[in-house]
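1. Below is the sequence, then the predicted model.
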Amino acid sequence: MKKILISMMAVSLALPVGSFAYAEDLTTPPVETEEIIEVEENVEEWLENAVEEETKEEVVEEGYENLGPMIFKSSAISSKIAANKAGEYFIYYIMHGSPAALVVVDYQTKETVHTFTLEDSKSAWGLDIDENGKLWIGGSVSSVLYSYDPNTEKFEKHGSIFSNKSDTSIQDLIIEGNKLYAGSAYGGSLIAMDLETKEIEDFGQVRKRREFVKAIVADEETDEVFVAIGSPMDLLVKKRGTKNFTSFLPAKYMSEKYAQDMVLTDKYIIARLHPSNIAVIFDRKTLKIVDEFELKSKTVSAVSPEGDALYYTKDQQLIKYTFETKEHTELGLFLPKGTEAINLDFVLKGTNEVKQEVKKPKLPFDLKRVLEGRGIEVDTTIETPSNETGLPNVENNTTEDSKEWLLSGMVDNLGQLFEYNPKTGTMSYLQFKLPEQPVELYTLEASSDGTKVFANGYMSGGLGIYDVETGDKELYRNISQIESMFDINNTLYIGAYPLARLLVYDRSLPWNPANPKEVIRMSQYGQERTTAVTPYNGGKEIIFGTLPDTSVGGGALAFYDTITGNVEVLENFIYNQSISSLVTRGTEVFGGTSIHANQQVNPRGARLFYFNRSNPDVKKYIQLPFSASMITSLLVDQNNKVWGMADGKLFSYTDESTEVRTVELLPTISGRFRNAEIIDSGDGSIYGSVEGKLFRVTKDNLEVEWLKDSGVYGLVKDLNGDLYYYEGSNLWRYTIEKNR
């Protein structure tokens, strides 16, 4: 086990360059940008007219109170620019939220013309346009398909298009000819739908144990379909007359997670790889690599209108790549600091100039025959005057469009666009006021005195604070998604995503760019998320546990000394497993693991362990009387017993000489982590949520009572002993029966 001791006084961390910047890193940014992920996965006053569709009437059971949304944000996660039949261009924004929304902006007037709710979706990644200019959208949560026709201004919800219940999110969607192709997560399936008949061809899971179909391109004429799957990545092709997909991925790229986008040309296939930030160009006929280059934009453009190049961004600069010469031309045009292109679209601007073309009318048939009969060669088209002016005939029904084009792309989650004009060599920017959406909540925590409830938003981040005694709400925007947090001594300790950052928010001081402060980025140890946190010794030390990224062993433990600021890191603490829960009991530290780590599944099963803080190298394992995939929640009650949730089972542990007690709540679970939370009520019961269900278990006889059968996620307790949880974007309070 490798030990590293770091003095925080000497640590200087630079902001990484990527498609997004973290708001807490930017003191005076030109625009507010935050990390949004798979990717997801960034209000003083909400625009109530932002959603055009009516919401369903809510029925509230006794004891339950909907406290409303906590976090609002205008967060565009994807966009596309396209024209209708009349050649009028529109910008289509997908706004992250619970639910998500489609915002339609007129490209010419820059005015928002529609906002539509994407019911049953919290995001949407797949966007494409059919030959009539109709927009098709692939949603999340239940793989719902939507469409918007700019010619008729009609928005439609078409329902789920995947038969496998595991396929909960459409990862990519393309239109080729009269077919719509869509790929999914987490069943890794592919379908093709006929846009006229709506008949669906289901290809099923493209490869066993591959959960994502991340990118698709197809060619109707050659009847070829190319897909990128993961994780790990593979690139596959299905050719005409074949039933199966075959791989053409070179061995050198097999450690990649996936190709997050692909572009198809007449001669090439371009795959944008993740996480290496490499674009690989394959020859379509041989499927061999012809070139590769580094980029930072989320994708590359389609082939430019002149047909010889594509565009991308790197280090905020726009770059042109020419296929024939393989030359990369730096255009000297830069995006705002800390941003890269998220999408790249061409906008054609036609002047419709009429080119007058002289037509030579044919001679009358009889005259032609007479002349040829006399041995005279005849040109069948001769110029003859057609009117009294003597001028030749001019047909105005044939025009040659003199086309001018622009390259445009979104650069941040506020929907800011750049416009590049190759004719003038200039770049300009467009900024829009996009409507805010309520954000789905992700992580809850209560203050140590129970007077505050902290809520964080999924992907978009933000920290909402609910005052239990007054009902007031506060919202701090400039913080990204939080995986775990714990409040003690008026300080909130935060495990933030991405880069597994450890943040410290001193609640006695104003929220500002220096508060919360960043302690360390565990990404430097190959860690991706900080999934567990617990205080030790009255908060003099905070212990964090992490989930590792690819090609790293197990999760790490980080011990943060709140007095000295030092951090001690123990790497690969449980081999090839992540640390999913932590709790302390006196000098002992207990932890639970998840078998999900490094984008892989450890067949051994989750582990329950403990060690003495003075000697963490000597850890002991507690044998549970069942096998589990993850131990998601741990607590120590007033009797010094350790309680935990392992998959759908509640267990309690006293010491090595006492048998582990268990009760099964659910036979199976669906999630990877964060699927359960337990709370000690102090009245002889354990309250908990698992798979969205709320339960109570009496400690003495483990008798189970189900209180609510859906919609309960995250669980914390206030000073009155009442419970708080979230469903979608709303915070809820459950007043326990004795308090009613």
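-> Done, it's in.

2. list the contacts for residue 149?
-> The contact partners of residue 149, taken as C-beta atoms under 8 Å, 6 or more residues apart in numbering, are 132-135. No exception for glycine: its C-beta is placed from N, CA and C like everyone else's.

3. Try it again at 7 Å.
-> residue 134 (C-beta atoms under 7 Å, 6 or more residues apart in numbering).

4. gap between it and residue 192?
-> Counting by C-beta to C-beta, to the nearest Å, the gap from residue 149 to residue 192 is 21 Å.

5. which stretches of the stretch 401-550 of the chain have low pLDDT?
-> Counting by pLDDT under 70, the stretch 401-550 of the chain shows low-confidence ranges at 401-403.

6. and if you look at the chain?
-> The chain contains residues with pLDDT under 70 at 1-60, 350-403, 551, 671-673.

7. And the next helix or strand past the longest strand anywhere in it?
-> In the chain, with assignment by DSSP state E, the single longest strand is strand 527-536. Once the chain leaves strand 527-536, the next helix or strand it forms, by DSSP states H and E, is strand 541-548.

8. wait, isn't residue 490 in contact with residue 509?
-> No. Residue 490 is not in contact with residue 509 according to C-beta atoms under 7 Å; the separation is 9.7 Å.

9. which residues does residue 322 form a beta bridge with?
-> Listed beta-bridge partners, residue 322: residue 309, residue 327 (assigned using DSSP bridges).

10. is it true that it touches residue 309?
-> Yes. Using C-beta under 7 Å, residue 322 is in contact with residue 309, at 4.8 Å.

11. more neighbours, these two?
-> residue 309 (18 against 13; other C-beta atoms under 10 Å).

12. my guess is the more buried one meets residue 319, correct?
-> No. Taking contacts as C-beta under 7 Å, residue 309 lies outside contact range of residue 319: 10.1 Å.

13. if we can go back for a sec, send the alpha carbons of the longest strand of the chain over as CSV?
-> The C-alpha trace of strand 527-536 is given here as CSV (Å, rounded to 0.1, in the frame of the first residue of the first chain):
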residue,chain,number,x,y,z
GLN,A,527,-9.7,8.6,-8.8
GLU,A,528,-12.9,9.8,-10.4
ARG,A,529,-15.5,10.3,-7.7
THR,A,530,-15.4,10.9,-3.9
THR,A,531,-18.2,8.6,-3.0
ALA,A,532,-17.9,8.5,0.9
VAL,A,533,-17.0,10.9,3.7
THR,A,534,-17.0,10.7,7.5
PRO,A,535,-15.5,12.8,10.3
TYR,A,536,-13.1,11.3,12.8
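
14. I'd like to know which elements it is packed against.
-> Applying 3 or more C-beta pairs under 7 Å, 6 or more residues apart in numbering; DSSP states H and E, we find strand 527-536 packed against strand 482-488, strand 491-496, strand 541-548, strand 578-585.

15. Can you tell me which of those is nearest to residue 535?
-> Minimum separation from residue 535 across the helices and strands packed on strand 527-536 (C-beta to C-beta) falls at strand 482-488, 4.7 Å.

16. chain center to that closest one: distance?
-> Taking C-alpha atoms, centre = their mean, to the nearest Å, the mean C-alpha location of strand 482-488 is offset from the chain mean by 22 Å.
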